[in-house]
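# no sequence on this one, just coordinates:
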């Protein structure tokens, strides 16, 4: 391949990313300057809005006697955010493939200006909207109708038709559903034009709802952080470091591709951008060591898409989840971390098994490999050093904030500056990392020490970000602001400082100007990457608004329950299929909003009616995992098309292979629905380590079974035994519950007496019969935590319940029992929060009892694995 052909193919890939993420139009002259200036202005506005600066400035102005409001409230910020996105969407994305790409037609200027004005309608007519809240006039209705039409067109241009079609279907259902016969399960009575426009455009229940709020408050800064990190050179650093450490192993380039994609996915919000960024280098290397074009592309696609489930960003869905699930961010990423980690471990193992089956070798390394004992000692010493440093910083900062609270911020800034200078001085003693040509013949891998040391300073803003999130417990937006601020300083100063410490004779001013230009380019790139996300969250808000106004979520749960016939596993499979279909062609952020607003309630409601009580975070992660699986699923998996463009393979075959590799990701949601230990819910450190080890072994064994290769090629019975062992490792409670049950069932009449004997903090499960909000008789389960109380009556009262023995008899499990009903439920009580209500009949009460630990089932599972390994060892040449 000639240099010209390489450049052309690289340009094609960048065009693919641009048309997908930031717009395919590239005008020149004044138009280009307007687009660039608007994008930079958008980034600056978001930095201002998210930072503590407005509050500081407000205080200063008040001290000067100026009563100016410089703090922007959340609702106005959402309007400004969408106005920028609409304006840039029409200028950056052509209407059709045949539309001009080097100039902006007059109609697009009109649509961009009108769209921005209508998005900011709330700001321009704030006083009038407040006075007529809930009763829009003709002007409001016209503005809302035009605004929704322009938003849908902007969505079609930037994201394609799938999300537009779904939004239009829900708008039509919102209006015409009122004319359906009342006997139809999906009929409703909330569909006047005034109601729809008020919900969708005037209030914060539709377009300007939670999703757009999260995009405004959190997502933009993380996307900007990722763009600036890439401009600084961190992407190349991650790739080269992964190759330096893993490239010599069997199938090494594939393993390095998985790790580098995981590192890039930490801060990336785009699957296709991840594929192109890392795949341009990793896919040719994988092909060189013997993987086929389709398998090389599939490894990159699976690992890049899995970046969307890796905390802390999770394709921006993490910030939506904290709003929908209502939990602290630090707690959310704790729950999401283990499934993402073991999913990546499984991907590395897949590459290893493919390499073993094909007899592939790694790339040649001339660097001597340390003995295993020396390597382990180095690893342990590094871990101890990091722990010691983290402890010193943690307690040191705590001491600083206690002793000098007024100067703590200044002292921390000075300490960060010292740490940065120390890192940059060390980096200066190593050569810069050059971008390698992946298509050239490579004789050896880079040395590890100079490679890992050449970009140590890139880790500093990531550490600042994670420190603010996890230790200081700041909001995600404010944490991203401080991380972005640290990264901006590094971007501007890294070149002059490196030149200074290397004692180069280069022009320091020119290097500084180059850093400033890269910062400006990063501000532009971050904003342009946000166009699609801003439009997607606003459009998805239409669906959320329609579901909220019509109550469609409850009706959909009825449909799923009917189709699944009360079978929990079948219900989960149906939800997974619906999530896959709904997620096709949608970016990560949009597909999570759509599938969670429709499918999460289904699992919760149908599960409660069939004895499956699942934490809400597990439900949201379930639908999120299957939503992003659509990114690799043919025929609309754009990530597969991008990988195929690099590898030269078939896009459909690449997508099918990537889907097969991603099956390990697909099995995890089913497992953590039934075994929430995998999400580290109510799990201590010791048990957490055991869960990690058992889950890792389980996913590796499941991977071996489905890849039909363990130590050698599996026999059929060996694969079946491995699948069974993996199931036991993942769900030990399934078998132990039959051997030693964890709960005992009592008659409802004994509830007051027995709850007095139950330890505080334990869970009891109540099955009740009642009616749903639509008057349909239902039975469901609720779980309550035993509260403090001197007697059973006190504990029942603390739960917010008043029970009544009616004196009647009902048949429970074939025998007559006293009929106990709930006579009253206090508002906002624990009982009310789990759905209990007055006049419900208690059918069953399950209390915890002493039982054998379910982890004992790990022993027979491990023995089965060892038996298969011993049997295969005899066949191994």
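Looks like it came in fine. Being a predicted model, the structure only gives us computed values, none of them experimental.
# which residues in the stretch 451-600 of the chain form helices?
459-466, 476-501, 508-550, 552-564, 568-583, 588-595 (DSSP state H, counting those that start in this stretch).
# From the chain's centroid, how far away is the first one?
Chain-centre distance of helix 459-466: 19 Å, with Cα atoms, centre = their mean, to the nearest Å.
# For that helix, which residues meet the burial criterion?
By neighbour count with 16 or more other Cβ atoms under 10 Å, helix 459-466 contains the buried residues 460-462, 464-466. All C-beta atoms are positioned from the backbone trio N, CA, C, and that covers glycine.
# just checking, what packs against it?
Packing partners of helix 459-466 (3 or more Cβ pairs under 8 Å, 6 or more residues apart in numbering; DSSP states H and E): helix 220-232, helix 408-428, helix 476-501.
# export these to CSV and tack on mean neighbour count, distance to residue 347 and mean pLDDT?
Shown next, in CSV, are these (neighbours: other Cβ atoms under 10 Å; distance: least, Cβ to Cβ, whole Å; pLDDT from 0 to 100):
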stretch, mean neighbour count, distance to residue 347, mean pLDDT
helix 220-232, 27, 21, 87
helix 408-428, 15, 30, 90
helix 476-501, 22, 27, 92
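# Dump those into JSON lines; add distance to residue 639 as well.
As requested, the helices and strands packed on helix 459-466 are exported to JSON lines (distance: least, Cβ to Cβ, whole Å):
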{"stretch": "helix 220-232", "distance to residue 639": "17"}
{"stretch": "helix 408-428", "distance to residue 639": "33"}
{"stretch": "helix 476-501", "distance to residue 639": "25"}
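# for the ones you listed, which one sits closest to residue 723?
helix 220-232 (38.2 Å; Cβ to Cβ).
# who touches that closest one?
43, 46-47, 50, 81, 235, 267-269, 277, 313, 316, 319, 458, 461-462, 465, 476-477, 480-481, 483-484, 487-488, 490-491, 494, 518-519, 521-523, 525-527, 529-530, 533-534 (Cβ atoms under 8 Å, 6 or more residues apart in numbering).
# for stretch 760-769, same thing?
Contacts for stretch 760-769 (Cβ under 8 Å, 6+ apart): 611, 613, 743, 755, 758, 777-788, 822, 836, 840-848.
# From the chain's centroid, how far away is that stretch?
With Cα atoms, centre = their mean, you get 32 Å for stretch 760-769.
# Tell me the buried residues in that stretch?
Those would be 763-768, for stretch 760-769 by 16+ other Cβ under 10 Å.
# Restricted to strands, list the residues you listed.
Counting by DSSP state E, the part of those found in strands is 763-768.
# Save these as a markdown table, and put in distance to residue 561 and pLDDT too.
Formatted as a markdown table, these follow (distance: Cβ to Cβ, whole Å; pLDDT from 0 to 100):
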| residue | distance to residue 561 | pLDDT |
| --- | --- | --- |
| 763 | 24 | 88 |
| 764 | 25 | 90 |
| 765 | 20 | 91 |
| 766 | 20 | 92 |
| 767 | 16 | 91 |
| 768 | 17 | 91 |
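# Looking at these, spot the one nearest residue 25.
Using Cβ to Cβ, these come closest to residue 25 at residue 763, 56.9 Å.
# Residue 846 is in what secondary structure piece?
strand 841-848 (DSSP states H and E).
# what comes up buried for the very next helix or strand once past that strand?
Once strand 841-848 ends, the next helix or strand along the chain (criterion: DSSP H and E) is helix 858-875. Of all the residues in helix 858-875, those buried under the rule 16+ other Cβ under 10 Å are 858, 861-862, 864-865, 868, 871-872.
# so what does helix 858-875 touch, helix or strand wise?
helix 685-707, helix 716-730.
# What separation is there between residue 800 and residue 451?
61 Å (Cβ to Cβ, to the nearest Å).
# sorry, that was for residue 807
80 Å.
# Which residue ranges make up each domain of this protein?
3-158, 217-524, 533-739, 743-850 (automatic domain parsing).
# Can you list phi and psi of residue 805 for me?
phi -90, psi 110 (degrees, to the nearest 10).
# wait, doesn't it sit right on residue 749?
Yes. Contact criterion Cβ atoms under 8 Å: residue 805 and residue 749 qualify, at 6.8 Å.
# residue contacts, the closest residue to residue 534 other than its chain neighbours?
Spatially, and ignoring its direct neighbours in sequence, residue 534 is nearest to residue 85 (3.3 Å; Cβ to Cβ, 6 or more residues apart in numbering). If you count contacts by Cβ under 8 Å, 6+ apart, residue 85 has them with 119, 154, 530-531, 534-535, 538.
# picking up where we left off before, which one among the ones in strands among the buried residues of stretch 760-769 gets closest to residue 337?
Set against residue 337, the nearest of these by Cβ to Cβ is residue 763 (24.6 Å).
# any idea how far the closest one is from residue 613?
Residue 763 is 9 Å from residue 613, by Cβ to Cβ.
# any residues in contact with both of these two?
residue 783.
# and residue 751, what does it touch?
792, 796, 803, 820, 842, 845.
# try residue 704
Contacts of residue 704 (Cβ under 8 Å, 6+ apart): 349, 353, 710, 714, 722.
# One more: residue 639?
Contacts of residue 639 (Cβ under 8 Å, 6+ apart): 271-272, 274-275, 301, 304-305, 631-632, 658.
# please redo it, this time with the cut-off set to 7 Å
Residues counted as contacts of residue 639 (Cβ atoms under 7 Å, 6 or more residues apart in numbering) are 271-272, 275, 301, 304-305, 631-632.
# out of residue 805 and residue 749, which sits in the busier spot?
The neighbour comparison of residue 805 against residue 749 (other Cβ atoms under 10 Å) goes to residue 749, with 15 against 12.
# looking at it, the more buried one is touching residue 819, isn't it?
No. Using Cβ atoms under 7 Å, residue 749 makes no contact with residue 819, being 9.0 Å away.
# Read off the pLDDT value for the spatially most central residue of the chain.
Among the residues of the chain, the one closest to the centroid is residue 314, at 2.7 Å (Cα atoms, centre = their mean). Note on residue 314: pLDDT of 74.
# Any stretches of the stretch 201-350 of the chain with poor pLDDT?
265-270, 313, 315 (pLDDT under 70).
# Do a quick rundown of the helices in it.
Under DSSP H, counting those that start in this stretch, the stretch 201-350 of the chain gives helices at 210-214, 220-232, 234-246, 252-265, 271-288, 293-306, 317-321, 329-358.
# Now do the longest one: distance to the chain's middle.
For helix 329-358, the distance between its averaged C-alpha position and the chain's averaged C-alpha position is 15 Å (Cα atoms, centre = their mean).
# quick check: angle from that helix to helix 476-501?
Relative orientation of helix 329-358 versus helix 476-501 (axes from the mean of the first three to the mean of the last three Cα atoms, to 10 degrees): 60 degrees.
# wait, doesn't residue 699 sit right on residue 342?
Yes. Judged on Cβ under 7 Å, residue 699 makes contact with residue 342 at a distance of 4.8 Å.
# quick one: which of these two has more around it?
residue 699 (26 against 21).
# Neighbours of residue 450, how many?
Close neighbours of residue 450, defined as other Cβ under 10 Å, add up to 14.
# follow-up on the earlier one: okay if I get the contacts of residue 639 as JSON lines plus neighbour count and distance to residue 729?
Formatted as JSON lines, these follow (neighbours: other Cβ atoms under 10 Å; distance: Cβ to Cβ, whole Å):
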{"residue": "271", "neighbour count": "28", "distance to residue 729": "30"}
{"residue": "272", "neighbour count": "26", "distance to residue 729": "35"}
{"residue": "275", "neighbour count": "34", "distance to residue 729": "32"}
{"residue": "301", "neighbour count": "35", "distance to residue 729": "28"}
{"residue": "304", "neighbour count": "34", "distance to residue 729": "28"}
{"residue": "305", "neighbour count": "29", "distance to residue 729": "25"}
{"residue": "631", "neighbour count": "32", "distance to residue 729": "28"}
{"residue": "632", "neighbour count": "28", "distance to residue 729": "26"}
